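Student: give me a model of this one.
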Amino acid sequence: MKEGASGIPLILFLTTLLLLSTIPLPATIAPQPTIADSGFDSEEVVLNQAQQIAIQNAGGRASTTNWVRDAGPDAGSSNGPGDLNSVHIGAMVMDHTNTNIIVGGTLRGDVAFGSIQPATQSGPRAFVASLSKWGSWNWVSMTSVGPGSSGGAILGDIAVSSTGDIWMVGSFWIDIEWGQDWEVSNGGGIDGFVAKMNSSGGWDWGTPQGGTSDLDSMHGITLDSNDDAYVVGSFEDHTYFGNTSRNIQNGQDGYIVKINKTNGDYVWDTIIGGNLGDNITAIAIDSAGRIFVTGYYQGDVTFGTTTLLNVGALSLFVAEIDSQGNWLWANEAKAVWGGIIPYDIEVNSDSIYLGGDIVGLIELDGQNWWVNATVQSAFVARLNKTGTWLWGLNSSGHTQHLQDIALNPLGGVVAVGWFDMEHTAIANAGFGQISLTAAPFAAFFAGVSPTGHWMWAESGGGPLFDSGNAALFTSVGNLIMSGRFCVNHDGAGCSAQIGPANYTSSAFYHGSGFVWSLNTDSDMDNVSDLNDNCPLNFNPLQEDFDSDMLGDACDPDMDGDGREDSNDNCIGPAINWDSLDWSIDTDGDGCRDSDEDDDDDDDGVSDSQDDCSNSTSYKNWTANDANDYDQDGCHDIMEDDDDDGDGVLDNDDDCAFAPSLRNWTSTSQTDYDGDGCKDSTEEDVDSDNDGVADANETCPNGLLGWTSNATTDHDGDGCNDAQEDADDDGDGINDFDDDCTPMATNWDSSGVQDLDKDGCRDVDEDDDDDGDGLDDDVDSCPRGSVGWISGSITDKDGDGCRDTTEDLDDDNDLIVDADDGCPRGETGWISTPALDADRDGCRDSDEDPDDDGDGLWEFDSVGNIIDQCPNTPISESHLVDGVGCSPSQADDDNDGVANSDDECPDVAPPEGLDRDENGCTDDIDQDGVNDDVDAFPDDATQTEDRDGDGYGDNLSGVYPDSCLDTPSQWIQNVLLNGCAVEELDDDNDGLLNGYDNCSDTPPGEIGEIDSAGCSLSQIDSDGDGTPDSVDQCPDTKADAEMGDGGCSKAQLAYSSDDGGSSLNLMAIAIAAGLLIIVVGGGAAFFLLNRDDDDSEVDDLRPQAAEVFESLAQEKLTATDTTETASTEGSDGQSGITVDDDGIEWWQDEAGVWWYRSLSMDDWAVFEQ
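Tutor: Take a look at the predicted model:
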């Protein structure tokens, strides 16, 4: 469809080709022309023998020409070596109405399109022209340049919108004009452009693309459903898309841009590039709006997250991109040797088709594709829409170049291009089994089947360079091909054969263009595809059995019955009927029931013998014993409700299936219960079908329509209880007389099994075996007399024993009637000594007025006590006195124990101390001491505890007391040995803890202790924390403010006064002497008697302290007065001196020296 993409890349490709022609390939690898088609099931087109003969006879021609139109130098123009009048048609597309063909290309000089003569152009101009599909030129429109400019433009591709607008892309240099729109190239180099015109060729706008390089181009375009454009191309160095600047990665890079239809603005752009050259050569969009591109790369190239890599060789890529410029996937045809370049891409509903040039070894999804390793060939390949390669094929011969491909709406692909000479005079090309020969550089067009096989090929041209550049199919299937001829003409006139005629061109060098309308004959059966009822299948006779315009050779349903032949058992004679209508073809076998099919349901049973052969019958099965037991033609599972044919439906037939008898008729004589099982045979062992075998049944031909079970036939005798059986449980007692019906079965009521003959088996059914009205578990005579009922008259005590004949104790008090004073008295009790003391059978509480039987009633008639001893033992009842007491009932000591039982009848024990109730005071531990005087009544080893500490005085007994006389105030501190903590001597100083004020005297000072148990190092008389041995003031008052040496500050002040020192010493001496006398005398007394009171000594201590305190207070008062006076005197005198040690000195009026050091707060008298 386009031409501009081929020029520069082709030069690169041919250069590579020349280099590769010098590289020897491994001799062990044989070339393979195609790869296998994996996963595609379309019909495969392979030339048969008749086609091969037709090809040989027709010289490979597979088309007929409708018309040819050329465009070239105007007839009146000058055409010499200096006149470059030429037309190159390189792109084609149908207009939006499918009535006109839009072509595009490049023209120059003075040219004509039929009668249309554009203005003469001094240089190359890109043009668009319209001609009808019958070959009439409508108009021509072209680019232009400014006055005197040497610029030019070449066309790359064209597209038509849904409204008829025509888009054009290509390249230009220096400057370009599109109507009133004008642009210049960057630096005069080659830039790309995109332009749009209306359906009549009037320009709307144009937009450039270019940068700093000399080689930028746009060479592919497609439109989406909104009529916005997607354009592909390539650039070098640096380029601009509108205001967007892009740099290449290396060499040449490809790009795709989206362009707004209204003003030509760039919407977005995407660049592909790698470490070598890359180019996007073609683009296509499918009906769903999916966009696919193809091109080639060297080295590596990245598409979103996918990177393709191939070092050095030119490799093909194909990729999908969305409408926002995001890559979706990419795949490649990797060149292992040689190279592969695509020039066109086409898509349909399920596939992607590519066409281009190929040489060497190519890898497709891991499969090797070998092609001529020295010269290039044309290729066509197919992928699915996710990028998986389906097949690829190539031409053969010297050199072939593919320019364009087109999808045939009748199926397959057409490829167009050119091939060149193998030697000076002849060019050749092979397309599968078809070989073309022509003059050098001839045009070719060839057909490819949907499965990837060359079907046909044709060529055209003359002695110079001729090429097919573009192809398309009209909506009705006409092939339109365009190209140029007589290129490189440099002498006399040139002609080329295009179709059946020759066309001449007077153009020098660049040749003329042509448009060629053909009717193809893809299957080469001499019937054009437009008229061929099987355009891809060789059928020269055009047989059409069902006259549906689809030939038998390709008709999957030759008889037109709606069922494909592969599933049709009757391909005729009936035609054009609906086999899918079940009322016509019930088994759907393609055979019409009315005249073609004698087994309508296809079950193997002919309709005449088939009970199920109508339109609703089960179809397409084969009758046999497994699925049609009675062979009636009705499928047992699907349609037969009487599989054995006995007249009983399977749901009601107990013998419906094999190996039951079949094909007999069930009647009341042959099948009494109508269960489908024949009575006279082993099939039916239960004629009335009640579930009881005839051999075990009392009623073998009894009631029908019921089943024997525990509810309907209790005794299982085969007789229905409700309607047939008078003895449901079969015990020999009719139901009317049977108290247990239905109950236990298989037993006989006669004999001992049923004592009262009530029909209830005694062992497990009858709770009252003798029928006296009392259940056996409360009946003392359960199998006694029968024929009577227990009641208050017949059975006083209700024990089930008849009083008159069976019961010897009518009131059941365990006193037989012969010895019972009350034989028919109260019931519900038993005579015991507690309830019937005299055991006369009369209950004491309510029947017996003389409980002990001593002859005296307990009370008289008004309630007065008569018998003082109502419980006299029976053995002594004859010894009672007048008040009813026997001798054994007397109690002399009134302790509640009768004399007869009292071991101490004259002395009553204290209350609570006769636990054994023998009338004596207890000695529980039997230690010979009664419990009332035994301190330890439960311990036989101890009887006394004189200090009451809980430890016995017997040192040999249990828990003896080591301290027999613990004082009461210490009892609470008693230890396990009966001694209190105070009775111990922790420091072993001979003084108990209770009297020892210093219980931790050091061992070496024990001999020095005083009466309080303290040694000299421990005594602290005034309790000031300083032992007396180092206490300078041993009698300091308790609340005094302390100074140093155990003295209070008051004492220290007093001791510094000379005037009172002798008095203080005398007082101290007197007090100390008095204290020694008192304390010493007390200590001596304590040693003699430790229990005596020492309160007198304690009273002397505070008296001595008061003496010391009063003396100290007097001294303190005097000192304060003196210090105040001294201070005032020192403050008022200037006689204070300070020595070298910093001590202050001052002499008062009395001549006494005072001093005060740095550490002293007050003045002190200096004592020499």
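Student: so which residues of the stretch 901-1050 of the chain form helices?
Tutor: 1049-1055 (DSSP state H, counting those that start in this stretch).
Student: and what of the chain?
Tutor: Secondary structure of the chain (DSSP state H): helices at 7-20, 49-58, 1049-1055, 1061-1088, 1095-1132.
Student: lowest mean pLDDT across the ones you listed, which one is that?
Tutor: When the helices of the chain are ranked by mean pLDDT, helix 1061-1088 comes last with a mean of 36.
Student: contacts only, for Arg246.
Tutor: When contacts are counted by C-beta atoms under 8 Å, 6 or more residues apart in numbering, Arg246 touches 211, 235, 238-240, 255, 269, 271. (Each C-beta comes from the backbone N, C-alpha and C, glycine too.)
Student: counting neighbours, which of these comes out on top?
Tutor: Ranked by neighbour count (other C-beta atoms under 10 Å), these have Phe235 at the top, with 29 neighbours.
Student: now the closest residue to that residue other than its chain neighbours: how far from Pro833?
Tutor: Of all residues not flanking Phe235 in the chain, Asp216 sits nearest, at 4.3 Å (C-beta to C-beta, 6 or more residues apart in numbering). According to C-beta to C-beta, to the nearest Å, Asp216 and Pro833 sit 139 Å apart.
Student: which one's more surrounded, the two?
Tutor: Higher neighbour count among Asp216 and Pro833: Asp216, with 29 against 12, using other C-beta under 10 Å.
Student: my guess is the more buried one contacts Gln209. True?
Tutor: Yes. Using C-beta atoms under 8 Å, Asp216 is in contact with Gln209, at 6.1 Å.
Student: who touches both of the two?
Tutor: Joint contacts of Asp216 and Gln209 (C-beta under 8 Å, 6+ apart) are 191-192, 233, 235, 239.
Student: hang on, Thr294 packs against Glu346?
Tutor: No. Using C-beta under 8 Å as the test, Thr294 is too far from Glu346 to be in contact (10.2 Å).
Student: neighbours of the closest residue to Ser482 other than its chain neighbours, how many?
Tutor: Distances taken as C-beta to C-beta, 6+ apart place Ile89 nearest to Ser482, at 4.3 Å, with adjacent residues excluded. By the criterion of other C-beta under 10 Å, Ile89 has 28 neighbours.
Student: Ile89 contacts Phe485, doesn't it?
Tutor: No. Contact criterion C-beta under 8 Å: Ile89 and Phe485 do not qualify, at 10.4 Å.
Student: what residues do those two have in common as contacts?
Tutor: In contact with both Ile89 and Phe485: Phe514, using C-beta under 8 Å, 6+ apart.
Student: ok, longest strand in this structure?
Tutor: strand 327-347 (DSSP state E).
Student: ok, the residue nearest to Glu543 when sequence neighbours are not counted - how many residues close by?
Tutor: Counting by C-beta to C-beta, 6+ apart, Glu543 lies nearest to Asp552, which is 4.5 Å off, once chain neighbours are set aside. Residues contacting Asp552 under the criterion other C-beta under 10 Å number 20.
Student: wait, Asp552 touches Leu541, no?
Tutor: No. Asp552 is beyond contact range of Leu541, at 9.2 Å (criterion: C-beta under 8 Å).
Student: JSON lines for the shared contacts of Asp216 and Gln209, including pLDDT and distance to Asp922?
Tutor: Formatted as JSON lines, those follow (pLDDT from 0 to 100; distance: C-beta to C-beta, whole Å):
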{"residue": "Asp191", "pLDDT": "93", "distance to Asp922": "139"}
{"residue": "Gly192", "pLDDT": "94", "distance to Asp922": "136"}
{"residue": "Gly233", "pLDDT": "95", "distance to Asp922": "132"}
{"residue": "Phe235", "pLDDT": "90", "distance to Asp922": "132"}
{"residue": "Thr239", "pLDDT": "86", "distance to Asp922": "131"}
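Student: so which of those residues are in strands?
Tutor: 191-192, 233, 235, 239.
Student: so what's Phe379 up against?
Tutor: Neighbour list for Phe379: 340, 354-358, 371, 392-395, 402 [criterion: C-beta under 8 Å, 6+ apart].
Student: let's see that with 7 Å instead.
Tutor: For Phe379, the contact set (C-beta atoms under 7 Å, 6 or more residues apart in numbering) comprises 355-356, 358, 392-394, 402.
Student: what of Leu976?
Tutor: Contacts of Leu976 (C-beta under 7 Å, 6+ apart): none.
Student: and the gap between it and Asp350?
Tutor: In terms of C-beta to C-beta, Leu976 sits 110 Å off from Asp350.
Student: what is the burial count for Ala415?
Tutor: If we define neighbours as other C-beta under 10 Å, then Ala415 has 29 of them.
Student: quick one: pLDDT of it?
Tutor: So Ala415 comes in at 98 (pLDDT).
Student: closest to Asp728 out of the shared contacts of Asp216 and Gln209?
Tutor: Gly233 (106.7 Å; C-beta to C-beta).
Student: can you tell me how far that closest one sits from Val1138?
Tutor: Gly233 sits 115 Å away from Val1138, going by C-beta to C-beta.
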